[in-house]
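**Student:** any chance you could fold what I've pasted below:
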Amino acid sequence: MKPLKISASKVSRWACTLLLVNASTPICLGDDSSFAKLAPPAPEKGTIRVATFNMALNRKEDGQLVKDLSKGDEQAKKLAAIVQAVRPDVLLANEVDYSNGKAAEILLKDYLGSPQLAQAKSELKFVYTGPVNTGVPSGLDLNLNGRNSDSDDGWGYGAFPGQYGMAVYSKFPINNQDVRSFQLLKWHTMPNALRPKLTDKETGKEKFFHSDEVWEKLRLSSKSHWDVPILIGDKVFHLIASHPTPPVFDGPEDRNGCRNHDEIRLLRDYVEGSSNTEYIVDDSGKRGALSDNAFFAIVGDLNADPNDGSGLPSGITDLLRSERVTSEFVPASEGAVAAAKSQGKANEKHKGNPAHDTGDFNDNNPGNLRIDFVLPSSNCEVVSGGVFWPTPEQLQKCGLDPDWIDASDHHLVWLDIRMR
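**Tutor:** Coordinates of the predicted model:
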């Protein structure tokens, strides 16, 4: 993998890679079958463990997830067991259907807050969740198929409002009153936005995919972008959460690729701040970017791999190169290496280091990718980190069935950081 923001020598980069593998290698402890035996070491004193996890807790109908969680859901139990093993202090969960916040609350109380596989319950106490654009009807024909009521015609792709939602969990108090949400931000207000285009079949000339009238109404965020302030001691830590659209499932106009790029660019603009970020206006009408001395971490399933996949790589690589972000420490796992080797096919053509993959996807296309990120601010020190992706042998050695880590096609990513 090419270095994205590193001026060190090749020797130091190799040393960093070895450190990453060692830091994230699961160790089997004790005799009882439990994910706790595969847990990373406890974080050092004075650090916080920040994690992101696409839990794939989405359902086909509104309210179904609440029903499933209320009666006892095996998928949620497996996901909670993973979280309890890693023990994050702050966690973003992607793809938790919104349902007016009910699903997120049940997940905290009955799953994260209840011991799974004889483990200790999570120390996560507080939750923030809110509405997202997925499945919210736009009343417009956004995919130009002659209808305006498809899942593709919502402000974000979804079968119902709140599908594929998000939730933030924290061991520390969340300042709910100061949360900034950017669900309503218009795409066209971003300077030099990547407006989708295609070639006219009759004239051979390039034209815009959406009419001017539609373009001026489109929302940038496919779910939402949140700045969630968390009170840790005498400091405020900002969790910058999002879940950009996958850069696929479109046509030659690449409207999802363009949107994914600009959703990630919004993250960079928000933490960098500059004269061209006056377009950033939150849902309460407050204008402007994050303060330049704030402690933060950008987290989420960003649906963009800096080396592989179908996205426009400049979005994620520009974010990783930002002076406001520390990205030298790349979380890794042995399980990702084993999966890429055993599954082969598309993985054999990838340029990126398979140890850094976070998602286990179709072997033919796109293969496994690094698309889930925890990116702390440059005024934070990264102490350790990893991806919770044990190998089948490690699971077997600890008396665990491999399907326990298949509850989601993503794997939890964590970093231990210290605010300096």
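
**Student:** so residue 339 makes contact with residue 358?
**Tutor:** No - look at residue 339 against residue 358 with CB atoms under 8 Å: they stay out of range, at 11.1 Å. C-beta: built from backbone N, CA, C; applies to glycine.

**Student:** all helices of the chain, in order?
**Tutor:** Per DSSP state H, the chain carries helices over the ranges 10-24, 64-71, 74-86, 102-106, 212-215, 255-272, 313-321, 334-343, 392-397.

**Student:** can you say which of these is packed in most?
**Tutor:** helix 255-272 (a mean of 24; mean count of other CB atoms under 10 Å).

**Student:** tilt between the longest strand seen in the chain and helix 64-71?
**Tutor:** Looking across the chain with DSSP state E, the single longest strand is strand 48-57. Angle of strand 48-57 versus helix 64-71, following axes from the mean of the first three to the mean of the last three CA atoms, to 10 degrees, is 110 degrees.

**Student:** would you give the sheet partners of strand 48-57, along with the direction of each?
**Tutor:** strand 90-96 (parallel), strand 413-419 (antiparallel) (DSSP bridges).

**Student:** show residues contacting the last one.
**Tutor:** With contact meaning CB atoms under 8 Å, 6 or more residues apart in numbering, strand 413-419 is reached by 40, 43-44, 46-53, 86, 88, 232, 235, 237, 295, 297, 329, 331, 358, 372-374, 376, 379-388.

**Student:** low-confidence ranges in the stretch 1-150 of the chain?
**Tutor:** Residues of the stretch 1-150 of the chain that meet the criterion pLDDT under 70 lie in 1-34.

**Student:** mind running it again at 90?
**Tutor:** The stretch 1-150 of the chain contains residues with pLDDT under 90 at 1-39, 117-120.

**Student:** now swap in the stretch 301-420 of the chain and tell me
**Tutor:** Scanning the stretch 301-420 of the chain with the threshold set as pLDDT under 90 gives 396-405.

**Student:** so where do the strands sit in it?
**Tutor:** Remark: strands assigned in the stretch 301-420 of the chain by DSSP state E, counting those that start in this stretch are 372-376, 380-387, 413-419.

**Student:** now residue 327. Nearest residue, chain neighbours left out?
**Tutor:** residue 320 (4.4 Å; CB to CB, 6 or more residues apart in numbering).

**Student:** hmm, residue 330 and the one you found touching each other?
**Tutor:** No - counting by CB under 8 Å, residue 320 sits too far from residue 330 to count as a contact (9.5 Å).

**Student:** residue contacts, residue 292?
**Tutor:** If you count contacts by CB under 8 Å, 6+ apart, residue 292 has them with 273, 324.

**Student:** start the count at 29 instead of 1 going forward.
**Tutor:** Shifting the count to begin at 29 puts that one at residue 320.

**Student:** so how far is residue 207 from the residue lying closest to residue 206 once chain neighbours are set aside?
**Tutor:** Distances taken as CB to CB, 6+ apart put residue 257 closest to residue 206, at 4.9 Å, once the chain neighbours are dropped. Using CB to CB, to the nearest Å, residue 257 is found at 7 Å from residue 207.
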